[in-house]
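Engineer: sequence-free structure coming up:
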């Protein structure tokens, strides 16, 4: 679909009560096309056109966001259509308009400007998500789970091993971690599954909203916490490992309000390694058709896995 087309504007005006729609293209990914929506200066929203149809998990995500918007968990509420629906459809394309959330993203690359209060608020918001979702029942199946990205590699195991330097060692490693993760016991909750700093909008006194629940699924809270600890404390291209103050602060503040507490032990670090391998899998498989030679070690998340893997060995 062409960006900023008159047909799309007319469709938005038909589906929603606002007139004089203006669209500003924001970004496009392998999953979505995103626009800012200005309803004649009366209202601001964010339009997401998904490249998946409703039968492919969209309803799971939208129902959860709608439920959370009525709770203390800060999320971007969904603007319903004239017919009260959470989305509209253009053939198999699903359109959703979210409230525009004013705020800012935190830049963790400049250590001198990191305000620890935002780290604390980010940790507390994640704990609230896990606490509250454990008491909400939404019986909609979800194809995505914590093993999805790892299994994408295993489906094309032979091709992957042939095309990537270190491929055989990597597939063996993810098979071992899949076996380990399946042996773990936990109370399932909704996990954002992508709780990185860029998916949180801040305001001066805390958090405006957690965004991007595309990868959300039911799973272990500890896995969600593990990825957050890595992504908030360990900036890409950093050679000396995670920022220990951020790591410790995030874990401590999470545990202050989480119903289920987690300690800094081997299990937590193995979930960190699992999460790093999952993100590495996404990065690598999206580059499998590139002509230039690829190596597993090209991934920053794999480098992070190596750091935490060595940490476990040295304990």
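Structural biologist: Thanks, I have the structure now. What you see is a predicted model, and the numbers here were worked out from it, not measured in a lab.

Engineer: Quick check, central residue of the chain?
Structural biologist: Nearest residue to the geometric centre of the chain (CA atoms, centre = their mean): residue 194, 2.2 Å.

Engineer: pLDDT value on it, please?
Structural biologist: At residue 194, the model reports a pLDDT of 96.

Engineer: surely it meets residue 230?
Structural biologist: No. At 11.9 Å, residue 194 does not count as touching residue 230 under the criterion of CB atoms under 8 Å. Any C-beta I mention is one placed from the backbone N, CA and C, and that applies to glycine too.

Engineer: returning to what we had before: what backbone torsions are found at the residue nearest to the centre of the chain?
Structural biologist: With angles defined as degrees, to the nearest 10, residue 194 sits at phi -160, psi 40.

Engineer: and if you look at residue 191?
Structural biologist: phi -110, psi 140.

Engineer: Spit out the contact partners of it.
Structural biologist: Shown in contact with residue 191 (CB atoms under 8 Å, 6 or more residues apart in numbering): 129, 130, 146, 216, 217, 218, 219, 220, 221, 223, 224.

Engineer: Remind me which helix or strand residue 274 belongs to.
Structural biologist: According to DSSP states H and E, residue 274 maps onto helix 266-285.

Engineer: Equivalent analysis for residue 222, please.
Structural biologist: If you go by DSSP H and E, residue 222 is part of helix 221-233.

Engineer: After that helix, heading C-terminal, what element do we hit next?
Structural biologist: Sequence-wise, the next helix or strand downstream of helix 221-233 (DSSP H and E) is helix 244-257.

Engineer: That following helix to helix 221-233, inter-axis angle?
Structural biologist: Angle of helix 244-257 versus helix 221-233, following axes from the mean of the first three to the mean of the last three CA atoms, to 10 degrees, is 150 degrees.

Engineer: got the buried residues for helix 244-257?
Structural biologist: Across helix 244-257, burial judged by 16 or more other CB atoms under 10 Å covers 246, 247, 249, 250, 251, 253, 254.

Engineer: can you list these in CSV and add pLDDT?
Structural biologist: Listed next are the buried residues of helix 244-257 as CSV, based on pLDDT from 0 to 100:
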residue, pLDDT
246, 94
247, 96
249, 97
250, 98
251, 98
253, 98
254, 98
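
Engineer: Looking at the contacts of residue 191, which one is closest to residue 73?
Structural biologist: Using CB to CB, residue 129 is the member of the contacts of residue 191 that lies nearest residue 73, at 5.1 Å.

Engineer: how close does the closest one get to residue 173?
Structural biologist: 29 Å (CB to CB, to the nearest Å).

Engineer: Tell me which of those two has more neighbours.
Structural biologist: Relative neighbour count places residue 129 above the other of residue 129 and residue 173, with 28 against 19, counting by other CB atoms under 10 Å.

Engineer: So for the nearest residue to residue 227 once chain neighbours are set aside, what pLDDT did the model give?
Structural biologist: Of all residues not flanking residue 227 in the chain, residue 275 sits nearest, at 3.9 Å (CB to CB, 6 or more residues apart in numbering). Note on residue 275: pLDDT of 98.

Engineer: and residue 275, what does it touch?
Structural biologist: Residues near residue 275 by CB under 8 Å, 6+ apart: 223, 226, 227, 230.

Engineer: Out of these, which is nearest to residue 9?
Structural biologist: Checking those one by one against residue 9 (CB to CB), the nearest turns out to be residue 227, at 37.6 Å.

Engineer: In this structure that closest one contacts residue 193, no?
Structural biologist: Yes. With contact defined as CB under 8 Å, residue 227 reaches residue 193; the gap is 7.5 Å.

Engineer: Count the neighbours of the nearest residue to the residue nearest to the centre of the chain once chain neighbours are set aside for me.
Structural biologist: Closest residue to residue 194 apart from its sequence neighbours, by CB to CB, 6+ apart: residue 215 at 4.5 Å. Neighbours of residue 215 under the rule other CB under 10 Å: 20.
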